[in-house]
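Engineer: Requesting a structural model of the entry that follows:
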Amino acid sequence: MTELGLNVDSDSMALEPELQKNFIDKLFLPACKAVLPESAYNRCGGSYAESVSRGLFNSNSNTSVSSDSLAAVVEAMRHLVRENESLAMFRHFRFVLSAFGFKAPFNGENYKAILPNMLAWDQLNPRKVKVDVGVNFFVRGAGPLGEWKVMTFLKEEFMTFAGELVGGEATLSKPMDMALGRFGGLHGKNKSPGVGEASKVIFYNDVKAPFTMSEPGYNGSVADEWSPAKTRSTVFHTDGHYMSKRKRYESRMREHHSTQFTMRLEVRVAAADVHGTLLDKLQSNIRSLNDMGAFVHIQNHVYFGYVRNVLKVTGRIIEYLESGLTLENVSGLALAVYMMNSLFHPGNPSSTCAKNFVAENRCPNNRLCFLSGGVYWL
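Structural biologist: Numbering: from 1, shown residues only. Presented below is the predicted three-dimensional model:
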């Protein structure tokens, strides 16, 4: 890199922020989208701004391009540079990487094909080594102007059955509230799995990925949750606690209105149970659940339309109630904030559990949070 005048020993980025943005948005991500499967691309970050907010550009990032796909991504980038004169400044781009990870695509016939360059399987007991195996899937909808992009979620009434079907009869499952209403994902555990059974089962949709910060993934933290007190004091600030988060969600929804989000089934099994029939079994379980009506499918624009309506309604409530300090105003604003957190922070029980919400927001003098007729709806 010396001949290019880049100091690779420095901790600072080689490119200025604006050039980083152009490189990511106009070269790197388009190449990833052309080469990678939807499930892998969805975790790359839909834009430079999204990636920065999710903390993907730091030394602790969990997001990466598989080594099996890197050559194809680089080749696609080289092609874009050759074809687009506006990208000429990146013609001689180089990657300086330092990475270590434990996830990789699996295309082998048994456990020996799992990370063969990293694990000495001849020195390990495959019955005692646990591995996570995942299958991504999605449904396409047929529309008059082409294929609809559809999100898939698991219905709550199928949680117990789905967990036992995939993980074994001893699997205890609970909803992973990461979407709207009474459906979303599943998290199941089997403390005593038998041969061919899983100790962990999860279903989740990666629609949450664009909204996460710091640690990406289904259980990543979705931004900083709104608080009633900070919301009240920053309602009319252009870029304060309240508006900055609303703008961030709007931006992510605009960027991902046509993204093909994928549903993922992931199991934790003994390495010895990993073989071709395991993948066949997982796919068969997915088809069986689909035939039973266990999944609900929602078009992207409908899902995001609902989210925008919630933002609009809660925004009107908050603006209407922020100026007063009566019990009605305070409790109504707190309820609107609770609604926003419940939609975007369903994995954070401290702010989305009704019991915790009441304990946090009730009046310390009379122990009451709401009075009859005390909440106004617009």
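Engineer: Kindly provide the distance from Thr277 to Val269.
Structural biologist: Separation of Thr277 from Val269 (C-beta to C-beta, to the nearest Å) stands at 12 Å. (Each C-beta comes from the backbone N, C-alpha and C, glycine too.)
Engineer: which one of the two has more residues nearby?
Structural biologist: Val269 (23 against 12; other C-beta atoms under 10 Å).
Engineer: which helices and strands does the host helix or strand of that one pack with?
Structural biologist: Assigned by DSSP states H and E, Val269 belongs to strand 263-270. Packing contacts for strand 263-270, counted by 3 or more C-beta pairs under 8 Å, 6 or more residues apart in numbering; DSSP states H and E, involve strand 130-137, strand 146-155, helix 159-167, strand 200-205, helix 276-291.
Engineer: try 10 Å this time
Structural biologist: Applying 3 or more C-beta pairs under 10 Å, 6 or more residues apart in numbering; DSSP states H and E, one finds that strand 263-270 contacts strand 130-137, strand 146-155, helix 159-167, strand 183-189, strand 200-205, helix 276-291.
Engineer: Buried deepest among these, which one?
Structural biologist: Of the helices and strands packed on strand 263-270, the one with the most neighbours on average (mean count of other C-beta atoms under 10 Å) is strand 200-205, at a mean of 24.
Engineer: how many neighbours does Met118 have?
Structural biologist: Other residues near Met118 come to 10 when the count uses other C-beta under 10 Å.
Engineer: pretty sure it is touching Leu124, no?
Structural biologist: No. Counting by C-beta atoms under 10 Å, Met118 stays clear of Leu124, with 11.5 Å between them.
Engineer: Arg316 and Asn309: what is the separation?
Structural biologist: Relative to Asn309, Arg316 is positioned 11 Å away (C-beta to C-beta).
Engineer: out of those two, which sits in the busier spot?
Structural biologist: Each of Arg316 and Asn309 has its neighbours counted (other C-beta under 10 Å); Arg316 has more, 13 against 10.
Engineer: following the helix or strand that one falls within, which helix or strand comes up?
Structural biologist: If you go by DSSP H and E, Arg316 is part of helix 300-321. Sequence-wise, the next helix or strand downstream of helix 300-321 (DSSP H and E) is helix 327-344.
Engineer: tell me the angle that following helix makes with helix 300-321.
Structural biologist: Following axes from the mean of the first three to the mean of the last three C-alpha atoms, to 10 degrees, one obtains 160 degrees for the angle between helix 327-344 and helix 300-321.
Engineer: which secondary structure elements does helix 327-344 contact?
Structural biologist: Other elements packing on helix 327-344 under the criterion 3+ C-beta pairs under 10 Å, 6+ apart are helix 228-234, helix 241-255, helix 300-321, helix 349-352, helix 354-361.
Engineer: Could you dump those helices into TSV and include mean pLDDT and distance to Tyr111?
Structural biologist: Formatted as TSV, the helices and strands packed on helix 327-344 follow (pLDDT from 0 to 100; distance: least, C-beta to C-beta, whole Å):
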stretch	mean pLDDT	distance to Tyr111
helix 228-234	87	50
helix 241-255	85	38
helix 300-321	88	37
helix 349-352	64	36
helix 354-361	65	43
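Engineer: closest one to Tyr41 among those?
Structural biologist: Closest to Tyr41 of those, according to C-beta to C-beta: helix 241-255, at 12.7 Å.
Engineer: Tell me what angle that closest one forms with helix 327-344.
Structural biologist: If you take the same axes, to 10 degrees, helix 241-255 sits at 30 degrees to helix 327-344.
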